[in-house]
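> My questions concern the predicted model and sequence given below.
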There are 2 protein chains.
Amino acid sequence: MRQAYQISLSYLGDNGSKMCDIASNCLRDATKAMLDTDLSLAEAVIASDVQLDEMRAIAETHAMELLALQSPVASDLRTVVSALWIVADLQRMGALAIHVAKAARRRHPAPVIPAQLRPIIERMGSVGVHLADQAGVVLRTRDVELARRLEQEDELMDDLQRQMFAAMLSPTWSHGVAAAVDISLLVRFYERFADHAVAVARRVIFLVTGENVGGDTTPALTAPER
Amino acid sequence: MRQAYQISLSYLGDNGSKMCDIASNCLRDATKAMLDTDLSLAEAVIASDVQLDEMRAIAETHAMELLALQSPVASDLRTVVSALWIVADLQRMGALAIHVAKAARRRHPAPVIPAQLRPIIERMGSVGVHLADQAGVVLRTRDVELARRLEQEDELMDDLQRQMFAAMLSPTWSHGVAAAVDISLLVRFYERFADHAVAVARRVIFLVTGENVGGDTTPALTAPER
């Protein structure tokens, strides 16, 4: 019984790190689809929608069963409750990546991103993917120091966001209102994706140490200054 | 002991409905501050930031203690786990209202919203406040039918969002890129606020019926069509 229980507990961790890999791939592919105006890749990302929803639903059912049948305490209890939070963050990361893919599909065959801004979006994509990958490592290793470092990396995303807003609000902006509306929302999707990856890392800190560092408490929105 | 346990369980519901009232007031005041360019009201909303964070942290600690000490099962277990999700949604609703207040503060004394679009933002504010109030009623009464109706009301928010994007993308738009960037983000904050109110209602459906209707699974973003 104890062994079955341990297997059940470790399932939650394995499932989380698999969901992390999927979210990471979704954002990588969505960013590529957008930059390459690759409609079939965008469609593939959008079609992967149900996968994370299903994995989350299974993990939730599993966690509820563990709570009901095994009455875990102490760090086992934190593992199960953290899993409930973590799968919610990971599902949301997938949904945000799919929002990016949908922007690519909506504008196809036109590009969403003006050529001059492609490097910023490329960087936002790679920072997001890296954060998701690192969150996956944190889930597998329960490395609290690595988890704390994710917070600093998230600042890169904030810098990129500021650069993008500065470009849109510059007097030399020549791409019109429609592109600015698209990009404002895209930037928000990347920022929130990163926030949720950091939230996953925070949940692991809680799981390991019992220290509640606040989950998805996004700092104040980095304001687009006029 | 049983009585103390029931009091503990009902605390989670009471705390949730109080947080709902706070989130609702935050959005009402933030919208008013933005429309009236009322800096002191905006500041007051922003200062209320810590309140929902603290209430969430207390509720989480309380829920973890209940899980560890009482090992609830069946509907009691669903109540405790739902509380963990619900306080996360409510904290997020507060954070989104504060984003609106920060936009008002950032642009002060200039208005964020051009006169022509004020009626749409007023409606978005009142739909958001109403959804939060209804979510509060659902938390107090556990009325599953009312909870299901919230989903339909959320469609009003989607309609308003479409109107706002249509206005920004119209050839007659004369307010420039900076206003469009602000409004794109604001519209997103109102939409997400409404989504989280619906998610609270869904959690109550789960709590009462055991039927998992997916929490914060936002439908595809209503696309700004060019």
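Now that the structure is in, tell me what you want to look at. Residues are numbered from 1 along each chain as shown, chains lettered A, B, ... in the order given.

> rest of the way, CA atoms for contacts and neighbours
Fine.

> Helix, strand, or coil at residue A:171?
Secondary structure, DSSP: H, G, I helix; E, B strand; the rest coil: residue A:171 is coil.

> So for residue A:13, what's the nearest residue that isn't a sequence neighbour?
Using Cα to Cα, 6 or more residues apart in numbering or on different chains and skipping the chain neighbours, the partner closest in space to residue A:13 is residue A:139 (6.4 Å).

> List the contacts of that neighbour.
Shown in contact with residue A:139 (Cα atoms under 8 Å, 6 or more residues apart in numbering or on different chains): A:13, A:16, A:17, A:201, A:204.

> Now the phi/psi pair for the fourth one, please.
When you say that, I think you mean residue A:201. When read as degrees, to the nearest 10, the backbone of residue A:201 gives phi -60, psi -40.

> wait, what's in contact with it?
Contacts for residue A:201 (Cα under 8 Å, 6+ apart) come out as A:135, A:138, A:139, A:147, A:148, A:150.

> For residue B:187, see how far away it is.
Residue A:201 sits 29 Å away from residue B:187, going by Cα to Cα, to the nearest Å.

> And the residue nearest to residue A:13, how far from residue A:75?
Taking Cα to Cα as the measure, residue A:139 falls 15 Å from residue A:75.

> what's the answer for residue A:95, then?
30 Å.

> Neighbour count: these two, which is higher?
Neighbour tally, residue A:95 and residue A:75, criterion other Cα atoms under 10 Å in any protein chain shown: the higher count belongs to residue A:95, 29 against 14.

> Pretty sure that one sits against residue A:48.
No. Residue A:95 is beyond contact range of residue A:48, at 9.7 Å (criterion: Cα atoms under 8 Å).

> residues of whichever helix or strand the residue nearest to residue A:13 is part of that come out buried?
Assigning secondary structure by DSSP states H and E places residue A:139 in helix A:118-141. Neighbour-count burial for helix A:118-141, counted by 16 or more other Cα atoms under 10 Å in any protein chain shown, picks out A:120-122, A:124-140.

> re earlier: just send the contacts of residue A:201 back as a markdown table, with pLDDT too.
Output for those, formatted as a markdown table (pLDDT from 0 to 100):
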| residue | pLDDT |
| --- | --- |
| A:135 | 97 |
| A:138 | 96 |
| A:139 | 94 |
| A:147 | 96 |
| A:148 | 95 |
| A:150 | 95 |
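
> Filter the contacts of residue A:139 down to the ones in helices?
Using DSSP state H, A:13, A:16, A:17, A:201, A:204 are the members of the contacts of residue A:139 that sit in helices.

> Chain A: helices as residue ranges?
Along chain A, counting by DSSP H, helices occupy A:2-35, A:39-47, A:49-70, A:74-107, A:118-141, A:144-169, A:176-209.

> want to try TSV for the ones you listed, with distance to residue B:41 as columns?
Below are the helices of chain A laid out as TSV (distance: least, Cα to Cα, whole Å):
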stretch	distance to residue B:41
helix A:2-35	39
helix A:39-47	41
helix A:49-70	40
helix A:74-107	32
helix A:118-141	35
helix A:144-169	27
helix A:176-209	26
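
> any weak-confidence spans in chain A?
A:1, A:213-226 (pLDDT under 70).

> If we use 50, what do you get?
Scanning chain A for pLDDT under 50 picks out the ranges A:217-226.

> returning to that earlier point: compare the ones in helices among the contacts of residue A:139 and tell me which has the most neighbours.
residue A:201 (33 neighbours).

> Return the alpha-carbon coordinates of stretch A:25-36 using PDB.
Only the C-alpha atoms of stretch A:25-36 are listed here, as PDB (Å, rounded to 0.1, in the frame of the first residue of the first chain):
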ATOM      1  CA  ASN A  25       6.800  23.100 -27.100                       C
ATOM      2  CA  CYS A  26       3.500  24.900 -27.700                       C
ATOM      3  CA  LEU A  27       5.100  28.300 -27.100                       C
ATOM      4  CA  ARG A  28       8.200  27.500 -29.200                       C
ATOM      5  CA  ASP A  29       6.000  26.300 -32.100                       C
ATOM      6  CA  ALA A  30       3.500  29.100 -31.800                       C
ATOM      7  CA  THR A  31       6.300  31.700 -31.900                       C
ATOM      8  CA  LYS A  32       7.900  30.000 -34.900                       C
ATOM      9  CA  ALA A  33       4.500  29.800 -36.700                       C
ATOM     10  CA  MET A  34       4.000  33.500 -36.100                       C
ATOM     11  CA  LEU A  35       7.400  34.500 -37.300                       C
ATOM     12  CA  ASP A  36       7.400  32.200 -40.300                       C
END
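
> All set, thanks.
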